[in-house]
Structure formats: structure tokens, C-alpha cells
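K.L.:
Coordinates for the following, if possible.
(one chain, ligands or ions: 2)
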Amino acid sequence: MSNFAINYKKCPYCGGTAEDPCNYTLCPVCEGDGRIEKYPNERDCPFCNGTGQDRWEFSPCRKCDGFGALDREPGRGPVNLFYIGGEKHYSDRRTVENILEEVTGNVLICDPYFGKNTLDLLCKIPNKCAVRFLLVRSQGVSEDDLRRYKQERPSFQFKLARQKDMHDRYIVDDRGLTILGHGLRDIGEKESFVVFLERSLIPTIIEDVSISFENRWGSATSVF
Ligand SMILES: [Zn+2]
Ligand SMILES: [Zn+2]
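P.N.:
Ligands and ions are numbered 1, 2, ... in the order given. Sure, this is the predicted structure:
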């Protein structure tokens with residue numbers, strides 16, 4: 001399964017009119033867009049039968065909040081391709097945030113050029129993950145910033161790689177490998193792709209990448 005940018009569907013609550021069917025205001029579900037995001041794994045809400053209307057009162061369905069569907073989460077197929085267009089900054093950022101929210105378990109991140117935006121985005125990785133982050137150069141992040149960050153997220157470790165031969169950005173986690181076409185620091189400023197490949201598809205590559213990461217990690221200097 002692939003995710004090419006965002007798929008939309010007609011807003012079930014207003015039927016695409018963008019108006020609140022019960023009030024003279026913008027539709028509260030699609031916020032006046034007339035359409036809402038469609039997720040690959042979503043299923044019709046059994047409480048409202050996908051209409052988005054509450055059964056007992058004139059308001060958005062209390063079970064699905066008017067979206068007409070449940071399990072509205074980004075899909076988790078064996079291959080996921082995300083397109084970061086570089087022009088819709090808000091949507092692009094949401095896409096990247098969603099990708100990071102899905103990360104699980106032991107996490108290795110290699111992303112040479114580090115910045116404030118990197119730190120902001122890393123907050124989206126669930127707290128229970130143990131994250132090791134390898135970077136080459138940092139810009140706009142002080143030692144204090146990192147110290148404070150580590151106080152809040154003790155399961156994060158940052159190291160400065162000794163080798164300068166790193167270019168590609170990737171995340172290895174319990175699920176598989178995520179290849180970032182652009183570093184997190186500047187992601188969304190240019191058109192790029194993010195590709196996720198499940199571990200079972202590429203076990204040897206993940207092993208090679210992990211060994212290479214461990215080697216670099218071993219000779220890297222601890223930032224904190
Ligand atoms: Zn609507
Ligand atoms: Zn519903």
C-alpha cells in the first residue's frame with residue numbers, strides 16, 4: 001500500500017456543502033472545506049452508519065466526531081511512500097509528524113544536519129521509544145537546549161559522528177526502515193519523499209544499516 005500525499009473524501013456531516021446543517025455557520029467537521037482526509041484503514045462508524053450525524057441530536061456523531069469513520073490513522077502497509085510537496089507547509093508538517101508518531105521501539109536515527117526544527121519534530125516520537133540520534137553538524141541548537149531536552153526525554157541520546165561520510169537520512173525502528181529524502185531540520189522546504197519499508201521486506205539491509213550505525217555510534221562523541 002502506498003500513501004501518495006493526502007486523499008480526500010466529501011465531508012459526510014455537511015455532505016460537501018461546507019455549511020453546518022444545523023446552524024448558519026461553517027461545518028465544524030471539515031471547518032468549511034467540504035472535504036476531509038480519507039485514511040486507508042478507516043471503516044464506517046457503526047453509530048452513525050458513516051453519515052457523521054448523531055442519532056439522538058442535531059450535532060456531529062458523538063462516536064466519530066462527525067467524520068463518519070473510525071480508525072482514521074495513517075496506514076501501516078509493508079511499503080509506504082509519503083510525498084512532501086514543499087508548498088503546503090502545514091500539511092507537509094503534519095505528514096512528517098504523523099510519520100514520527102508511528103515510530104516504535106528501539107530507534108536509530110542518522111540525520112547529519114541538525115537544527116531546532118529537528119528537536120521540535122523529535123517530540124513527536126512516542127516517549128517510550130529509546131532513541132539514538134547520530135548527527136554531523138548542529139546549527140542553532142545550544143548545549144543548553146539539548147540538556148533541557150534530555151531532561152524531559154531521558155530516553156534520547158545524541159552523538160556527533162566522527163566520520164563525515166554520512167549523507168542519507170534514515171530511521172531504523174522495530175517496524176523497519178524509513179528513508180528520509182530530506183533532513184528533518186529543513187524537511188518541507190523542498191519537494192521530497194519519505195519511504196517506509198517493513199523489516200520483513202529487507203532484513204539483510206536493515207542488519208547492514210544497523211551494524212554500520214553501531215560502528216559509527218561507537219566512535220562518535222556524546223553530545224550529552
Ligand atoms: Zn463538512
Ligand atoms: Zn459516527
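K.L.:
I would like the residues contacting the helix or strand harbouring residue 98, please.
P.N.:
For residue 98, the element it lies in under DSSP states H and E is helix 89-101. With Cβ atoms under 8 Å, 6 or more residues apart in numbering as the contact definition, helix 89-101 has outside contacts at 5-6, 74, 82, 84-86, 121-122, 124-126, 178, 184, 187-188, 194, 196. C-betas here are computed from N, CA, C, even on glycine.
K.L.:
How about the residues of this structure by ligand 1?
P.N.:
Residues of the chain lying close to ligand 1 (Cβ under 5 Å from the ion) are 11, 13-14, 27, 29-30.
K.L.:
And the helices in this structure, which stretches?
P.N.:
Ranges of helices in the chain, per DSSP state H, are 89-101, 116-122, 143-152, 203-219.
K.L.:
what's the shortest one in contact with?
P.N.:
Residues from elsewhere that reach helix 116-122, judged by Cβ under 8 Å, 6+ apart: 96-97, 100, 111, 131, 133, 140-141, 145-146, 149, 153, 156, 183-187.
K.L.:
still on that earlier bit, deepest in the core, which of the helices of the chain is it.
P.N.:
helix 116-122 (a mean of 19; mean count of other Cβ atoms under 10 Å).
K.L.:
show me what contacts residue 158?
P.N.:
114, 133, 135, 146, 150, 222-224.
K.L.:
what is residue 109 paired to in the beta sheet?
P.N.:
With DSSP bridges applied, residue 109 shows beta-bridge pairing to residue 133, residue 171.
K.L.:
which intervals of this protein have sub-threshold pLDDT?
P.N.:
1-5, 74-76, 224 (pLDDT under 70).
K.L.:
near ligand 2, which residues of it show up?
P.N.:
Counting by Cβ under 5 Å from the ion, the chain sits next to ligand 2 at 45, 47-48, 61, 63-64.
K.L.:
In strands, which of the residues you listed appear?
P.N.:
Judged by DSSP state E, strands contain none of the residues of the chain next to ligand 2.
K.L.:
With neighbour count as added columns, please give those residues in JSON lines.
P.N.:
JSON lines is the format used below for these (neighbours: other Cβ atoms under 10 Å):
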{"residue": "45", "neighbour count": "22"}
{"residue": "47", "neighbour count": "16"}
{"residue": "48", "neighbour count": "22"}
{"residue": "61", "neighbour count": "24"}
{"residue": "63", "neighbour count": "15"}
{"residue": "64", "neighbour count": "25"}
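K.L.:
in the sheet, who's paired with residue 156?
P.N.:
residue 131.
K.L.:
For residue 103, see how far away it is.
P.N.:
12 Å (Cβ to Cβ, to the nearest Å).
K.L.:
With residue 62 instead?
P.N.:
According to Cβ to Cβ, residue 62 and residue 103 sit 31 Å apart.
K.L.:
Looking only at neighbour counts, state which of these two leads.
P.N.:
Remark: of residue 62 and residue 103, residue 103 carries more neighbours, 21 against 13, as counted by other Cβ atoms under 10 Å.
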